[in-house]
Each structure stands twice: as C-alpha cells, then as structure tokens.
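Asks: Could you look at this predicted model? Sequence included:
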There are 2 protein chains.
Amino acid sequence: MLGSFIASRGLKHSRQRDAIVETFFEMGGHVPIEELVARVRQRDGHISVATVYRTMKLLAECGLALPRQFGDGQTRYEPASVDAHHHDHLICTGCGAIVEFENEDIEALQLRVARSHGFEVESHKLELYGRCAGCRAGAGAEGSP
Amino acid sequence: MLGSFIASRGLKHSRQRDAIVETFFEMGGHVPIEELVARVRQRDGHISVATVYRTMKLLAECGLALPRQFGDGQTRYEPASVDAHHHDHLICTGCGAIVEFENEDIEALQLRVARSHGFEVESHKLELYGRCAGCRAGAGAEGSP
DNA sequence: GTGATATTGAGAATCACAATCAACATGACC
DNA sequence: GGTCATGTTGATTGTGATTCTCAATATCAC
C-alpha cells in the first residue's frame, strides 16, 4: 500500500506522514482537511497544514484516498479500498450527513445518454441534496438550520 | 423580470447593471465571470469585476440565472428561463464543451434511491465528464490536452 | 433641483490551497 | 554508531476566485 508506494518512489517515512495517514483512516469517510488537521494535532502535537495537504495529495496519487468536492468549497477525502466500487453521494442539507450509494441502473443510463450525445464518459459526479430522515423527523417547524 | 424584482426590493437601475444583464443573456450559456467581464467591457468601457459579481448574484437571487460549479474552480452562470426544465451536463475534458441534457429516467431513479435511504431530494447535481465526438475524432495520438 | 439612498470601483480582505526555502529527519552505506 | 545525500517539514508567502470596504457617484421620489 503506502509503504510500497513510498519505497518505489524513493520517498521517505516520517512521523508526521504516519500520524496523518493513520488518523485519516481512523476517521472513516469524507474528511475535510481542516478537521483532519485538528485530529492529527490532538494526537501528535503540532503538524503543519501544509504537511497535511501534501500527505493527502500523496495518498490520492497512490490511490488510497479519493478527493471529493461537494458544494461547500473545501476538498474532502475518502478512503479508497482497492476493491471498492464507484459510488455516489446523498448529502443532507440539514445536518450535513453524507451517505454513499451505488446504482447500476443510473450508471448505465448515464453511459447511454452520453453516448447519444457522442460522448465517451471518463468519469462522473452525482450528488443528491436533500433532508435525511432524521432531519425531517426532528424538524417540525425549525426552518433550515 | 429583473425590473420588477428591482422595484420590489427598492433597488435602482444603473447603466452597468443593464449592460451586464444584456450581455449575459446575449452570450447564452455557461458563462464564466471572467469572460462576461471582458465582453461587458468591450461594450461599455470599464466596469468593475466587483459589479459583475454583484449583478450576477442579483440575477441568481431573482431566479433569472443559475450558478453552476464545474470542476474548474470558477462559477459559471446560465440563463434560467422560467419554463425551462431541470437539466444536467456533459462536459468534454478535451475542449471544454458543455452540453445540456435531460433524462427523466435518471431523475426518477435518483428519487427512488434517495427515498430508499430516507432522503427527500431537494436538488441534485449530475455531471458526466468525457470526450466529445469531435475531440475523439481529432485526437488520434494527441494524448490529453 | 434636492436629498435620501442605492450603486460603483479600486483596492484590501478572505479562503482554500500550492509553492518556497531554510532547518531538519531519514535511511543507505560504511 | 556516524556520515551524507536526499526527502520532508513548517512558517510564510503566493495565488486565484470571490467578497468586503468605503468614499465617490448615480438614481429616484418628491
């Protein structure tokens, strides 16, 4: 994984790198840099933001993390298992929850539509924004938080 | 349209505002601010970028323009006719062409998927990235531009 | 016209992120 | 274990898109 990537590129290990990578994978999914920085610092004193950006870029390059841009202007990363399928996202406009889903039918339709316009799809991005069950239940008359 | 919106909010007319709005609608679709600024200046001397940003935001607020964020880090606006259907986008990674499409089946599937996760969809974003017919034809051995 | 108020423009501010560069850490080799 | 070439770090600066600030100016109602 990262070790071999590091080795094969003549890169080196470092305390910071390890801390960032471990923290990232502990956190699970859709982690914004800012939050990652905070967590990493909790566990390993001061680590520069620059280092976190650099490390996440590395992880992305070696295929262990995927950068995602939702509408909020900051890049989030999610862990990429080698055998994971492509998936899309449901994003709650109430609480910010992010749910992943896969749907082959949608993907197939996308390919068909693209083809009908002469396009060959290389990648796509599908995000559904709405209110999750929890937010709808708890939001009788709250308005939008 | 804009006139009534301006009136109803106690806003005022201005030469710049008119120039920007007219230019925007002349240009058609998916206009990045920078380009709009250039065009507007061709026709009306110097107009500040700030004014263009402000005016487009106004247009968006009164529903006459839709802001779109594709992957390139700048906001584009497209005219929103009142009776226009929602549509999604095909974006050529070669020449940057942007094609609109509508597909009811995809939309229906999206709703269904969302519902199955307890979400009530408010909006969505679907972008397909790939190579358009032209780029594929002309790109025998070019690599990616 | 006059005056209250909205708008403009230039530049500064912001925000996420990338680049710079001197100080420092790592690992291969002895 | 020590040395050295080379990669990494962190503080700071740069960047690009967008927003804010504020004095000067334009607009509209009267």
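Replies: That came through fine.

Asks: where along chain A do the helices fall?
Replies: Along chain A, counting by DSSP state H, helices occupy A:2-8, A:15-27, A:33-43, A:49-61, A:104-116, A:133-138.

Asks: Relative to B:Tyr129, which of the ones you listed is closest?
Replies: Proximity of the helices of chain A to B:Tyr129 was assessed by C-beta to C-beta; the nearest stretch is helix A:104-116, lying at 9.4 Å. Any C-beta I mention is one placed from the backbone N, CA and C, and that applies to glycine too.

Asks: Just to check, A:Val49 is in contact with A:Val37?
Replies: Yes - using C-beta atoms under 8 Å, A:Val49 is in contact with A:Val37, at 5.5 Å.

Asks: okay, the two: which has more neighbours?
Replies: Neighbours per residue, other C-beta atoms under 10 Å in any protein chain shown: of A:Val49 and A:Val37, the larger number sits with A:Val37, 18 against 13.

Asks: Residues of chain A that sit close to chain B?
Replies: For chain A, the residues in contact with chain B (C-beta under 8 Å from any C-beta of the partner chain) are A:69, A:71, A:90, A:92-93, A:99, A:101, A:103, A:105-106, A:109-110, A:113-114, A:117-134, A:136.

Asks: Buried subset of those as a ChimeraX selection?
Replies: Provided next is the ChimeraX selection string for whichever of the residues of chain A next to chain B are buried by 16 or more other C-beta atoms under 10 Å in any protein chain shown:
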select /A:90,92,93,99,101,103,106,109,110,113,114,118,119,120,121,124,125,126,127,128,129,130,131,132
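
Asks: could I get the helices of chain A as a markdown table with mean pLDDT and distance to DNA strand C?
Replies: Conversion of the helices of chain A to a markdown table gives the following (pLDDT from 0 to 100; distance: least, C-beta to the nearest atom of the strand, whole Å):
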| stretch | mean pLDDT | distance to DNA strand C |
| --- | --- | --- |
| helix A:2-8 | 78 | 7 |
| helix A:15-27 | 95 | 5 |
| helix A:33-43 | 94 | 4 |
| helix A:49-61 | 96 | 4 |
| helix A:104-116 | 96 | 26 |
| helix A:133-138 | 90 | 23 |
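
Asks: Mind putting those helices into CSV with distance to A:Asp83?
Replies: Listed next are the helices of chain A as CSV, based on distance: least, C-beta to C-beta, whole Å:
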stretch, distance to A:Asp83
helix A:2-8, 17
helix A:15-27, 16
helix A:33-43, 24
helix A:49-61, 17
helix A:104-116, 16
helix A:133-138, 29
